[in-house]
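1. how does the following fold in three dimensions:
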Amino acid sequence: MAIKRLFCALIVLCCSCAHATPEQFDELVHQIESGQRYFFSLTDFQTTLQELETSLPANDPVRRNIFDRMRCMLGFFDQPQKGIEYSDTQLAAAKARDDSAALADYYVCRYYLFSQLGQAQQAEQNAQLGYQAASDSENPLSIAISLSLLGSIASYQGNYADAMQHYVTAYQLQRGLGYKPYISDLVLSIAATYRRMGLYQDALNYIDQAEQEFNSPDEQFRHALIMHEKAYSYAELGQYQQALQLFEQSMTVYQQLKEPMWRTFTKVNLVWINNLLKRYDIAMTLAKEAKSELDTLQTYDMSSVGTYRGLLAMYHGETLLALQQVPDALQQFALAKTALSADGNPRYLLMLYKAKAAALAGAKRYDEAYALLNQYLQKTQIQQQKAREQQSNLLRVQFDSVRQQERNTQLKAEKQLVEQHVSALQLAQRWQYAALALIVLMLVILLAFAVSLKKRNQRLHRLAMTDELTNVANRRRIMMQAEQERIKAIDTKTELSFLILDLDHFKQVNDCFGHDAGDIVLQQMCITVCAMLREQDRFGRTGGEEFLIVLPDANAQQAEIIAERLRQAIAAIAFTGYDNLAVTCSIGISQYQAPEALNNSLARADKALYQAKAEGRNKVVCA
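-> Residues are numbered from 1 along each chain as shown. Below is the predicted model:
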């Protein structure tokens, strides 16, 4: 359900630009985007698509684009191969019109379609491409969904720190958007990652959060998923009876919802739990039932079927081994190896090695058992070493997350204090108004004074950080921003470049046309530069006709391209009312070399600026 809802949110990312009628189409799009509409069966997909097509207005290219992107998933859930062919055509069209938002949607659609076909490698490639396109689109929901997919892949493959980094970022973005169903899915995914790391109590804490904060009584499927995940943690903690009860309860829900695939998957897990409880006769019966159901299972989603075939073979082999049916157990372990080797989950393979080694020893094939057990120990050591590294990286992710939470808590506390202060003033005002009109008048005067003082302080702060003439950052502010970006570049190991821009012969402009003209030149130049910079770039006046531009995530070559565009744009400015007035600029560039100080980087850019001046001005020089 989480996968279906995540996709359906992503495919309506451009709906904010569609404000025209019909309202029915817009309302349906909003229901899907906010997670209010759920998809449990093929009929749900088909019905929703039909509703969208019926309400789609004619000659409306924006809504048509939304509908086409929705059709990628809603229209091909039962025909994934045809869906891939459809997305090929749509991808080509989206690339032709350079539509990053649409590209992100179609790549995510392809992720799910390839997953349904059981083609995990192609699915992962499309998830990566989807994140790149989502980043280009700069849409927070698109980025959050793409990160959630990458987190799921990393968690399943054992790259837990990477998974947590993706999940934490996606969680913060979804918190900002306020879509609770997606936040719940992320909390459950974080719990699963902690469980796979062996941090079972942490996993249970997150599961409790998902259950208490986000679970709704009418969402039976979500409640079953939560019970499913909680049962895994209880089983790993050795609390087998609790795990058994939860699996049985979740299977009852799947039966009520007519979800045969999840019911069968749960039955496979019950084989595992009954083995742990040494109830081998029950485990044997469940294994035969689960195998029969898997063999006859009619589903369009094959993403997990192969994995559960392998798990069933392994659990069945453990049952047979416990019943001393060693040859049959070895046969099941061979089947499990074929399926689980393709799955790519290191935890399952280690479980298989250990079980098979015991079976080989039971067959008195001691050399093979010893070799496999040795292989198990070696791979276990590798996994333990990797786990230690992952936990170290996870601590860094948790520290960053805790630091952000502390900042949020501090802001919330400050807001609470302000609200309490305002409430106290309002209460005092009511009592004083009832007692004496003069005191009320004094309070009004004091409040007016406080508002005036606050506005004055805000204005002073703005004036202190903004250049009055050009309305861009002044020297103090731009230097603070440059230092912040320098520290960020060190922390994130990203590139950073600086541009120092100086207008050529500016004194002659003042001498020939007057200082008013000089002011207009500076203002128009700043407007031009601001319009051409990226959202994350920083621009400020450091003095006279000299300016500093900070370019995060840009190397020297990229900075030189930006600088050349700025130089050409400034030279092309036409100043209305001043004939023969034109200006040019010289620009010096430096790329930050960690861990040098800020003044060293700026000194290199300044030196490059002087070189540009010496070589005739109206030029870009890179240090």
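2. please enumerate the strands of the stretch 501-623 of the chain.
-> Chain-ordered strands for the stretch 501-623 of the chain, with DSSP state E, counting those that start in this stretch as the definition, fall at 538-543, 546-552, 585-591, 620-622.
3. please work out which of those is packed deepest.
-> strand 585-591 (a mean of 25; mean count of other CB atoms under 10 Å). (C-beta placed from N, C-alpha, C; glycine too.)
4. show me the contact partners of it.
-> In this structure, residues lying in contact with strand 585-591 by CB atoms under 8 Å, 6 or more residues apart in numbering are 495-504, 525, 555-556, 559-560, 563, 566-567, 570-571, 601-602, 604-613, 617-623.
5. returning to that earlier point: adding mean pLDDT and distance to I32, write the strands of the stretch 501-623 of the chain out as a markdown table.
-> Converted to a markdown table, the strands of the stretch 501-623 of the chain look like this (pLDDT from 0 to 100; distance: least, CB to CB, whole Å):
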| stretch | mean pLDDT | distance to I32 |
| --- | --- | --- |
| strand 538-543 | 94 | 38 |
| strand 546-552 | 97 | 35 |
| strand 585-591 | 97 | 45 |
| strand 620-622 | 96 | 48 |
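6. got the ones you listed as a markdown table, with distance to V168 columns?
-> Rendered in a markdown table, the data for those read as follows (distance: least, CB to CB, whole Å):
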| stretch | distance to V168 |
| --- | --- |
| strand 538-543 | 26 |
| strand 546-552 | 21 |
| strand 585-591 | 30 |
| strand 620-622 | 37 |
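7. nearest to I207, out of these?
-> Nearest to I207, of all those, is strand 546-552, at 38.0 Å by CB to CB.
8. what's the angle from the closest one to strand 585-591?
-> 40 degrees (axes from the mean of the first three to the mean of the last three CA atoms, to 10 degrees).
9. show me the protein divided up by domain.
-> Domain segmentation of the chain under automatic domain parsing yields 1-138, 475-622.
10. where among the ones you listed is the average confidence lowest?
-> Ranked by mean pLDDT, the domains of the chain bottom out at domain 1-138, which scores a mean of 78.
11. re the thing from before, for PyMOL, what selects the buried ones among the contacts of strand 585-591?
-> To isolate the buried members of the contacts of strand 585-591 in PyMOL, using 16 or more other CB atoms under 10 Å:
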select buried, resi 495+496+497+498+499+500+501+502+503+504+525+556+559+560+563+566+567+570+601+602+604+605+606+608+609+612+613+618+619+620+621+622+623
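12. out of the domains of the chain, the one nearest E318 is which?
-> domain 1-138 (24.9 Å).
13. Q81 is nearest to which of the strands of the stretch 501-623 of the chain?
-> Comparing the strands of the stretch 501-623 of the chain under CB to CB, the one sitting nearest is strand 546-552, at 42.5 Å.
14. what's the closest one packed up against?
-> Contact analysis of strand 546-552 by 3 or more CB pairs under 8 Å, 6 or more residues apart in numbering; DSSP states H and E lists helix 475-492, strand 496-503, helix 515-532, strand 538-543, helix 556-571 as its packing neighbours.
15. centre of the chain versus the last one, how much separation?
-> By that I understand helix 556-571. Using CA atoms, centre = their mean, to the nearest Å, the distance from the centre of helix 556-571 to the centre of the chain it belongs to is 32 Å.
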